[in-house]
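Q: sequence and predicted structure are below.
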Amino acid sequence: METRVIGISGSPHRHGNTETLLDAFLEGAESGGAVTRKVVLRELHYSPCLGCNVCHKTGECVVGDDAPGLLGEVMTYDCLAVASPIYSMAITAELKGLIDRAQYIWAKKFVLKTLYFENEHIQQHKGIFISTAGLPYPNVFDTAFPSITALFNILGFEYFDNIVANDMDRYHGIKNHPTALAEAHRKGKHVVEKIRELKIDALSRASADQSP
Ligand SMILES: Cc1cc2nc3c(=O)[nH]c(=O)nc-3n(C[C@H](O)[C@H](O)[C@H](O)COP(=O)(O)O)c2cc1C
């Protein structure tokens, strides 16, 4: 039973602190048997949402760029890891821009009601937020959580866990952090094991329901 994990890096800084933490998570997921894919938002081409609200009538986005294809693809995965550094006390423009472009999926769910996720689907689809910040404030990630919650809710993923590391300025980078990379690796493996367990439980419940 294959578990597929997609990691989206919203950092404009290639192979910086945040992407490195995401890589550790994806390596952990692979060690748990998952098939993984990483998408780097700065390499894609998409514009911010136009706010035209056409999707409220059609369920489709009128902008023909990379965003709808990526968002559609994400929904085929079992686990979505979204990574962003904290810039100006929030997620990056790259990631916020993508989240806003998910409005057409929101419209399908809440306006047109043509899309619905069963609770079992949501439980088997796990969302993980990965972030790093320069400052030592424990609350430095707080403004990120609502947008990430919105993204996971729209796409049908349960918000499963955070992997966050602050105080990067003092550590001079994620590679010097005492625990973050090991934590990311462990959590990558753990979430894959958890999804597999939930799928096996669901299959055995379904076969018990069918037995005479
Ligand atoms: C434009 C910009 C804005 C930043 N704003 C903040 C901030 O508001 N709070 C903070 O703790 N760190 C801030 N930082 C520091 C980054 O969050 C930190 O260095 C992070 O680990 C960078 O990750 P990256 O290597 O993936 O870009 C900022 C960095 C940049 C480049």
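A: That came through, no problem.

Q: what is the burial count for whatever residue of the chain ends up closest to the ligand?
A: Proximity of the chain to the ligand (C-beta to the nearest ligand atom) peaks at Gly16, 2.3 Å away. Using the backbone N, CA and C atoms, a C-beta is placed for each residue, glycine as well. Neighbour count of Gly16, defined by other C-beta atoms under 10 Å: 16.

Q: list the contacts for it?
A: Shown here is Gly16, whose contacts under the criterion C-beta atoms under 8 Å, 6 or more residues apart in numbering are Pro85.

Q: spell out whether the host helix or strand of Asp201 and the ligand are in contact.
A: Secondary structure assigned from DSSP states H and E places Asp201 in helix 180-210. No. Residues of helix 180-210 contacting the ligand under C-beta under 6 Å from any ligand atom: none, with a closest distance of 10.4 Å.

Q: for that helix, the distance to its chain's centre please.
A: On the basis of C-alpha atoms, centre = their mean, to the nearest Å, helix 180-210 sits 17 Å off its chain's mean C-alpha point.

Q: coming back round to it: and the residue of the chain closest to the ligand, what pLDDT?
A: What the model reports as pLDDT for Gly16 is 98.

Q: distance of the residue nearest to Pro85 when sequence neighbours are not counted relative to Lys108?
A: Take Pro85 and drop its neighbours on the chain: the residue closest to it by C-beta to C-beta, 6 or more residues apart in numbering is Thr18, 4.5 Å away. Computed as C-beta to C-beta, to the nearest Å, the Thr18 to Lys108 distance reads 30 Å.

Q: which one of the two has more residues nearby?
A: Relative neighbour count places Thr18 above the other of Thr18 and Lys108, with 25 against 19, counting by other C-beta under 10 Å.
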